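**Student:** task: produce atomic coordinates for the following.
(one chain, ligands or ions: 3)
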Amino acid sequence: MRLLLQNGQILSKDNTLVKKDILIEGSKVVQMASEIQVGDGMQVIPLAGKLVIPGLIDMHVHLREPGFEKKETIETGSLAAARGGFTTIACMPNTRPVIDTPKTVENIIQEAERVGKARVLPLGAITIRELGQELTDFEALKQAGIVALSDDGVGVQSSHMMKEAMRKAHELGLSIVAHCEDDTLAKNGCVHDGEFAKKHGLQGIPNEAEAIHVGRDILLAEDVGVHYHVCHISTEQSVRLVREAKSRGQKVTAEVTPHHLLLTDGEIPGLDPLYKMNPPLRSAEDRAALIAGLKDGTIEIIATDHAPHTLEEKAMGMEKAPFGIVGLETAFPLMYTHLVRTGELLLSELVEKMTRKPAEIFGLPYGELAEGKRADITVIDLESEKEIDPANFYSKGKNTPFTGWKCQGWPVLTLLNGTITYQENER
Ligand SMILES: NC(=O)N[C@@H](CC(=O)O)C(=O)O
Ligand SMILES: [Zn+2]
Ligand SMILES: [Zn+2]
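**Tutor:** Ligands and ions are numbered 1, 2, ... in the order given. Model (predicted):
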């Protein structure tokens, strides 16, 4: 099968758009040129100047299967990913059972392949059942196909346990992906320890609850030599610590979510759990530090932390509702409209942080659009404006604070290995 994407525009390194026809044969891009003749038996998709980028990569997704299929399944999560323009997603191990055995890893990979809508890369748990007591069998998990290690959902409380994990991970060439949270500081807070918490008399989660772990882990990783990656970075202090570590040449990386880049605790309209996530929405100063960190390269990756929950669970009030919001189907349009079009980030920077950078950091052979490369491709409509409406989500999770936000930059076509996984208006 030969597929011709006609009259699209690709982004060059200097952030300019260049017209290209792209010819795909099987799973590969075989030709990219300003004009390609339509040949016999070619399927042609006219793109009318739309943006063509490498398939998006999300290193932080909760697919909820096994165990929480009411919230999401590998199937619905994969469909949501494809609709959001993602071709590769890494899924977190806080399922039930936790992804702490080779069997669970294999089951997830198998089901994702059956569905075939996204490439799913499971992370393995650092500790058994994410209880922080005993390390999992990293070697067996690696053989089963994990992409990295994380206890996402909880912080690894014991410094000793974390250091042991880093030692073993380093030996095996695996990265440590850390949910940074010191429980003795976070207590049972539900929002940022700031104005909003004070106003509503809620227990707050202070910035240091995150940054203490970031600082601790950077020191441990410096001694061990392992690649250390900070999940959903949210505070000025954490950004500062990562920047300092990088300036010494340490292999420390970080990801930030769209919601931490766009919202602050000052913008939470009331006691609405759709604004409750971990880490919580921080102050305007923190948000500014995240954008500065994104801009200067301290933060290389944008990841969604797609965390579907049912609306019943989310209706339990600010203190009782679970943490987390969905992100796969809104990430690119939100970032394009509210960070690129506002002049805070270049389009080329946004695309890098959602494609080439995560691939490079985790050693994945994806994230590039070029002749001879795999045809993981996303086509974006930069013009049409639409409102975010969770009723249209393919994800089971409708828990978003961005309902009604007007966005441009919607994915209209997604190809995984040369096969269409999403096409607007074709469902
Ligand atoms: N981010 C969240 O608020 N929630 C995540 C857990 C996590 O990412 O730590 C979840 O699994 O629901
Ligand atoms: Zn987390
Ligand atoms: Zn998470």
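**Student:** can you check the pLDDT for the residue nearest to residue 267 when sequence neighbours are not counted?
**Tutor:** Spatially, and ignoring its direct neighbours in sequence, residue 267 is nearest to residue 281 (7.4 Å; Cβ to Cβ, 6 or more residues apart in numbering). Any C-beta I mention is one placed from the backbone N, CA and C, and that applies to glycine too. pLDDT, residue 281: 98.
**Student:** residue 427 too?
**Tutor:** 55.
**Student:** outline the domain layout of the protein.
**Tutor:** Using automatic domain parsing, the domain parsing of the chain gives 2-52+373-423, 55-361.
**Student:** so how far is the longest one off the chain centroid?
**Tutor:** It stands for domain 55-361. The chain centre lies 7 Å from the centre of domain 55-361; the measure is Cα atoms, centre = their mean, to the nearest Å.
**Student:** any part of that domain near ligand 2?
**Tutor:** Yes. On the criterion Cβ under 5 Å from the ion, domain 55-361 is in touch with ligand 2 at 152, 179.
**Student:** just the terminal-to-terminal distance for that domain.
**Tutor:** 16 Å (Cα to Cα, to the nearest Å).
**Student:** for the spatially most central residue of the chain, give me its contacts.
**Tutor:** In the chain, the centroid-proximal residue (Cα atoms, centre = their mean) is residue 303; its distance is 2.4 Å. Contacts for residue 303 were tallied using Cβ atoms under 8 Å, 6 or more residues apart in numbering; they are 58, 59, 60, 231, 232, 255, 256, 257, 358.
**Student:** which bits of this protein sit near ligand 1?
**Tutor:** For the chain, the residues in contact with ligand 1 (Cβ under 6 Å from any ligand atom) are 62, 94, 152, 153, 179, 277, 278, 305, 307, 322, 323, 324.
**Student:** can you count the residues close to the second one?
**Tutor:** Okay, so that is residue 94. Neighbourhood size, residue 94 [other Cβ atoms under 10 Å]: 22.
**Student:** now the residue nearest to it when sequence neighbours are not counted: which helix or strand?
**Tutor:** When the adjacent residues along the chain are set aside, residue 94 lies closest to residue 153, with 3.6 Å between them (Cβ to Cβ, 6+ apart). Element membership for residue 153, per DSSP states H and E: none, as it lies in no helix or strand.
**Student:** surely residue 153 meets residue 130?
**Tutor:** Yes. Contact criterion Cβ atoms under 8 Å: residue 153 and residue 130 qualify, at 6.2 Å.
**Student:** between the two, which one's more packed in?
**Tutor:** The residue with more neighbours, out of residue 153 and residue 130, is residue 130; 23 against 20, by other Cβ under 10 Å.
**Student:** OK, contacts around the more buried one?
**Tutor:** Contacts of residue 130 (Cβ under 8 Å, 6+ apart): 93, 94, 98, 100, 151, 153, 154.
**Student:** which residues touch the residue of the chain found nearest ligand 2?
**Tutor:** Using Cβ to the ion, residue 179 is the residue of the chain that sits closest to ligand 2, at 3.5 Å. Applying Cβ under 8 Å, 6+ apart to residue 179 gives the contacts 150, 151, 152, 153, 154, 155, 231, 232.
**Student:** just the buried ones among those, please.
**Tutor:** 150, 151, 152, 153, 154, 155, 231, 232 (16 or more other Cβ atoms under 10 Å).
**Student:** quick check, nearest of these to ligand 3?
**Tutor:** Once Cβ to the ion is applied, the member of the buried ones among the contacts of residue 179 that ends up nearest ligand 3 is residue 152, at 4.5 Å.
**Student:** that closest one is in contact with residue 60, isn't it?
**Tutor:** Yes. Between residue 152 and residue 60 there is a contact under Cβ under 8 Å: 7.4 Å.
**Student:** what's the overlap in contacts for these two?
**Tutor:** Residues touching both residue 152 and residue 60 (Cβ under 8 Å, 6+ apart): 92, 231.
**Student:** re earlier: next up, phi/psi of the residue nearest to residue 267, please.
**Tutor:** phi -60, psi 130 (degrees, to the nearest 10).
**Student:** wait, isn't it in contact with residue 259?
**Tutor:** Yes. Contact criterion Cβ under 8 Å: residue 281 and residue 259 qualify, at 6.8 Å.
**Student:** returning to what we had before: need the residues touching each of residue 153 and residue 130.
**Tutor:** With Cβ under 8 Å, 6+ apart, residue 153 and residue 130 have common neighbours residue 94.
**Student:** quick check: closest non-adjacent residue to residue 180.
**Tutor:** Residue 180's closest residue in space is residue 213 (Cβ to Cβ, 6+ apart), at 3.6 Å.
**Student:** and that neighbour, what does it touch?
**Tutor:** Per Cβ under 8 Å, 6+ apart, neighbours of residue 213: 155, 178, 180, 181, 182.
**Student:** just confirm it is within a strand.
**Tutor:** No. Read with DSSP: H, G, I helix; E, B strand; the rest coil, residue 213 is helix and lies in no strand.
**Student:** so what pLDDT did it get?
**Tutor:** Note for residue 213: predicted pLDDT of 99.
**Student:** what are the ranges of the helices in this structure?
**Tutor:** Secondary structure of the chain, counting by DSSP state H: helices at 74-83, 102-115, 138-144, 159-172, 183-186, 195-200, 207-224, 236-247, 258-262, 284-295, 311-314, 331-335, 347-354, 356-361.
**Student:** which strands or helices does the first one pack on?
**Tutor:** Think helix 74-83. strand 56-61, strand 86-91, helix 102-115, strand 410-416, strand 419-423 (3 or more Cβ pairs under 8 Å, 6 or more residues apart in numbering; DSSP states H and E).
**Student:** equivalent analysis for the last one, please.
**Tutor:** Helices and strands touching helix 356-361, by 3+ Cβ pairs under 8 Å, 6+ apart, are strand 56-61, strand 301-302.
**Student:** adding mean neighbour count and mean pLDDT as columns, could you present these in JSON lines?
**Tutor:** Converted to JSON lines, these look like this (neighbours: other Cβ atoms under 10 Å; pLDDT from 0 to 100):
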{"stretch": "strand 56-61", "mean neighbour count": "29", "mean pLDDT": "99"}
{"stretch": "strand 301-302", "mean neighbour count": "28", "mean pLDDT": "98"}
